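Peer 1: Task: produce atomic coordinates for the following.
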Amino acid sequence: MPELPDLVVLLKKLKPSLEGRLIAGARVHEPIVLRVLVEGDFGRLLAGQRIICLERHGPFLHFGLDSNDLVLHLMLAGRLRLAATGEKRLPHEAFTIDLAPSGGGGVGAGGGSHGSDSLSYGDEKNMGKVYLCPKGDFSAIPGYKNQGVDILSPAFTWERFSKLIEKKRNQARAFIMDQTALSAIGNAYADEILFEAGVHPKTPCCYLTASDRRKLYDAINAVISWGIAEVEKADRPTEEKVRGHLRVRNRGGEACPRCGTTIRKAGVLGFDSFFCPKCQPDRTGRGLDWSKLPGPSPSGGASST
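Peer 2: Prediction:
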């Protein structure tokens, strides 16, 4: 799924080409992702409206239009591509928004003109949700209005984080992925944050020392900033997921890049979690002894504990 670093870079790429553009119409290929919360046909409702602003709200992308708001929650497999009209469609394309040509002095990078192009949304799992709602009314969009503190905003201070985690008893991974507390950390970067902080994913928050909590807060800031820089450096097309830089996510059975221990996978409240048992020890005494479980030997003969 596009996670926070992906969305930040995606927004940076799309804003200059989309803000201020007039929508000529929309073609729907797979309506299952659409949630039209105003009366009328999706394509006809969009036609003639201008994209006033494009912004991120947690994991949501918000297109502010003249008369409505268009909100995209890409979830697991949603993808966006801006391309010249008539180019090859995205695989599993759900709909396409056609943009009217704009003249010189527009809002694109360098103030140049834009030809006739389109924004396509593809979703191979049809799990994403696209909401067309009345202007300023987001009440029918699940999770939109109860997002926690944006971890990229000035409001995400050490003091704010300390109050949020205080007296929490849920597992560390569950806490940092709770979007009503912190907006918005996904599966991949949750694993990377916990690895950076040296915190086992199943550690209850109440087991974390003051030092652990500070490391976790610092890791959130460092890992998300690193992720944004890596995605931007990769400079891949907007519909492609950039994950090659991740150190533990989806690397079960590989050697830890720090100590050589075999990276393991465990279930945490229904989600797969990847971690290093040595760099992220279970301090509760209630977890598995990973050293007694079979697994591939890490390179260099390091222990697999």
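Peer 1: all contacts plus neighbour counts: C-alpha atoms, from now on.
Peer 2: Noted.
Peer 1: ranges for the helices of the stretch 151-300 of the chain?
Peer 2: 158-165, 172-176, 187-197, 210-234 (DSSP state H, counting those that start in this stretch).
Peer 1: Could you dump the ones you listed into a markdown table with mean neighbour count and mean pLDDT added?
Peer 2: Formatted as a markdown table, the helices of the stretch 151-300 of the chain follow (neighbours: other CA atoms under 10 Å; pLDDT from 0 to 100):
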| stretch | mean neighbour count | mean pLDDT |
| --- | --- | --- |
| helix 158-165 | 14 | 98 |
| helix 172-176 | 23 | 96 |
| helix 187-197 | 23 | 98 |
| helix 210-234 | 17 | 98 |
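Peer 1: export those to TSV and tack on distance to A77?
Peer 2: Below are the helices of the stretch 151-300 of the chain laid out as TSV (distance: least, CA to CA, whole Å):
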stretch	distance to A77
helix 158-165	30
helix 172-176	22
helix 187-197	13
helix 210-234	17
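Peer 1: which one of those helices lies closest to D6?
Peer 2: Evaluated over the helices of the stretch 151-300 of the chain, closeness to D6 peaks at helix 210-234, with 6.6 Å, by CA to CA.
Peer 1: Measure how the closest one sits relative to helix 158-165, angle-wise.
Peer 2: Counting by axes from the mean of the first three to the mean of the last three CA atoms, to 10 degrees, helix 210-234 lies at 110 degrees to helix 158-165.
Peer 1: For P2, find the nearest of the helices of the stretch 151-300 of the chain.
Peer 2: Using CA to CA, these put helix 187-197 closest to P2, at 9.8 Å.
Peer 1: and that closest one, what other elements does it pack with?
Peer 2: Counting contacts by 3 or more CA pairs under 8 Å, 6 or more residues apart in numbering; DSSP states H and E, helix 187-197 packs against helix 172-176, helix 210-234, strand 271-275.
Peer 1: got the ones you listed as JSON lines, with distance to V38 columns?
Peer 2: Output for these, formatted as JSON lines (distance: least, CA to CA, whole Å):
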{"stretch": "helix 172-176", "distance to V38": "35"}
{"stretch": "helix 210-234", "distance to V38": "35"}
{"stretch": "strand 271-275", "distance to V38": "35"}
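Peer 1: For G285, which of those is the nearest?
Peer 2: When the helices and strands packed on helix 187-197 are compared (using CA to CA), the closest one is helix 172-176, at 15.8 Å.
Peer 1: What would the closest one look like as CSV? C-alpha coordinates only.
Peer 2: Taking Å, rounded to 0.1, in the frame of the first residue of the first chain, the C-alpha atoms of helix 172-176 are listed here in CSV:
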residue,chain,number,x,y,z
ALA,A,172,4.0,-1.1,20.8
ARG,A,173,3.3,-2.0,17.1
ALA,A,174,-0.5,-1.7,17.6
PHE,A,175,0.0,1.7,19.3
ILE,A,176,2.1,3.3,16.6
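Peer 1: ok, residues contacting that helix?
Peer 2: Applying CA atoms under 8 Å, 6 or more residues apart in numbering, the set of residues contacting helix 172-176 from outside is 165, 181-182, 185, 190-191, 194, 199-205, 268-269.
Peer 1: Now, of those residues, which are buried?
Peer 2: Among those, those classed as buried by 16 or more other CA atoms under 10 Å are 165, 181-182, 185, 190-191, 194, 199-205.
Peer 1: Which member of these is positioned nearest E3?
Peer 2: Once CA to CA is applied, the member of the buried ones among the contacts of helix 172-176 that ends up nearest E3 is I185, at 7.1 Å.
Peer 1: quick one: pLDDT of the closest residue to Y207 other than its chain neighbours?
Peer 2: Leaving out its chain neighbours, the residue that sits closest to Y207 by CA to CA, 6 or more residues apart in numbering is T284, at 7.6 Å. On pLDDT, T284 comes in at 77.
Peer 1: Same question for F95.
Peer 2: pLDDT for F95: 96.
Peer 1: Having no further points to raise, I will conclude here.
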